[in-house]
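Visitor: Generate coordinates for the sequence data below:
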Amino acid sequence: MSTNRSGKTVPEYEGTLRSHMIKIPGCIREATGILVFGRRIKSLAFTTDVAIIKNINTDGIIAVYPFTPQPAITRAVMLAADMPVFVGVGGGVTKGSRVVNLAKDAEYEGAFGVVVNAPTDNEIVRELKKEVDIPVVVTVVSDRTDVAARLKAGADIINVSGAARTAEIVAKIRRHFPEVPIIATGGPTEESIQATIQAGANAITYSPPSNGELFRQSMERYRREADII
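Guide: This next block holds a predicted model:
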């Protein structure tokens with residue numbers, strides 16, 4: 001059993017085999033969420049690891065990675081996910097028409113949105129809005145970003161990734177644009193997540209432990225159990 005924000009008891013079933021899945025910090029539920037095609041999204045896991053995707057309780061996945069985006073990776077993530085996926089399509093090293101083509105492919109595969117990196121030109125954002133009918137999510141990493149120009153170009157959602165300054169950047173954007181949907185990285189603690197939500201983030205990106213870290217924890221437990229036996 002668990003309780004919701006109103007203090008009411010929420011029935012819960014976990015089972016045995018899935019009882020050790022990754023659970024996001026409960027404070028993320030305090031976010032308002034963003035409605036995308038009728039689905040309320042408050043939490044997104046920042047990962048492309050299909051094993052983690054199958055074993056995490058986030059509302060969605062943000063599949064952004066530090067390599068040239070590839071349709072094969074998009075398909076693998078989409079196949080594994082049973083929740084909405086927002087797909088990275090470049091905008092940094094990957095530029096121009098390739099970004100637009102990757103976005104079109106992601107839409108055909110069933111993505112709920114496409115994410116472009118901070119260096120993306122506003123002209124590319126405009127082209128994306130012409131070519132796809134899913135949200136265009138534009139990443140912001142600095143409080144010096146011209147958010148007004150991003151929105152004018154067609155950005156549907158702002159994705160703030162400012163490390164320790166994320167909450168500060170979110171608060172500045174929220175002051176000037178009260179209605180804009182904002183996704184933001186929440187940081188490593190419940191306190192930093194809550195600060196980001198209070199600053200105005202509608203949804204939180206959560207970075208789960210790596211597959212290697214999780215497996216290390218399992219192996220340590222197995223070794224302890226073997227010593228006891």
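Visitor: for the chain, what's the longest helix?
Guide: Using DSSP state H, we find that the single longest helix of the chain is helix 211-228.
Visitor: For it, what is the distance to the chain centroid?
Guide: 29 Å (CA atoms, centre = their mean, to the nearest Å).
Visitor: counting contacts, what elements does it pack onto?
Guide: helix 50-53 (3 or more CB pairs under 8 Å, 6 or more residues apart in numbering; DSSP states H and E). In short, each C-beta sits where N, CA and C put it, glycine included.
Visitor: For the helix it packs on, give me every contacting residue.
Guide: 22, 45, 47, 61, 76, 77, 79, 80, 81, 208, 211, 214 (CB atoms under 8 Å, 6 or more residues apart in numbering).
Visitor: Report the buried residues of it.
Guide: 52, 53 (16 or more other CB atoms under 10 Å).
Visitor: Report the mean per-residue pLDDT for that helix.
Guide: Across helix 50-53, pLDDT averages out at 94.
Visitor: Work out the gap between that helix and the centre of the chain.
Guide: 14 Å.
Visitor: Ok, stretch 115-128 next?
Guide: 18 Å.
Visitor: That one: end-to-end distance?
Guide: 11 Å (CA to CA, to the nearest Å).
Visitor: so where's the chain uncertain?
Guide: Scanning the chain for pLDDT under 70 picks out the ranges 1-7, 16-19, 228-229.
Visitor: in it, which spans are strands?
Guide: 2-3, 9-10, 34-36, 39-41, 43-46, 60-63, 85-88, 113-116, 136-140, 157-160, 182-185, 203-206 (DSSP state E).
Visitor: Could you dump the ones you listed into CSV and include distance to residue 103 and mean neighbour count?
Guide: As requested, the strands of the chain are exported to CSV (distance: least, CB to CB, whole Å; neighbours: other CB atoms under 10 Å):
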stretch, distance to residue 103, mean neighbour count
strand 2-3, 38, 10
strand 9-10, 37, 8
strand 34-36, 16, 18
strand 39-41, 19, 17
strand 43-46, 18, 24
strand 60-63, 13, 26
strand 85-88, 8, 26
strand 113-116, 4, 28
strand 136-140, 8, 25
strand 157-160, 14, 26
strand 182-185, 17, 26
strand 203-206, 19, 26
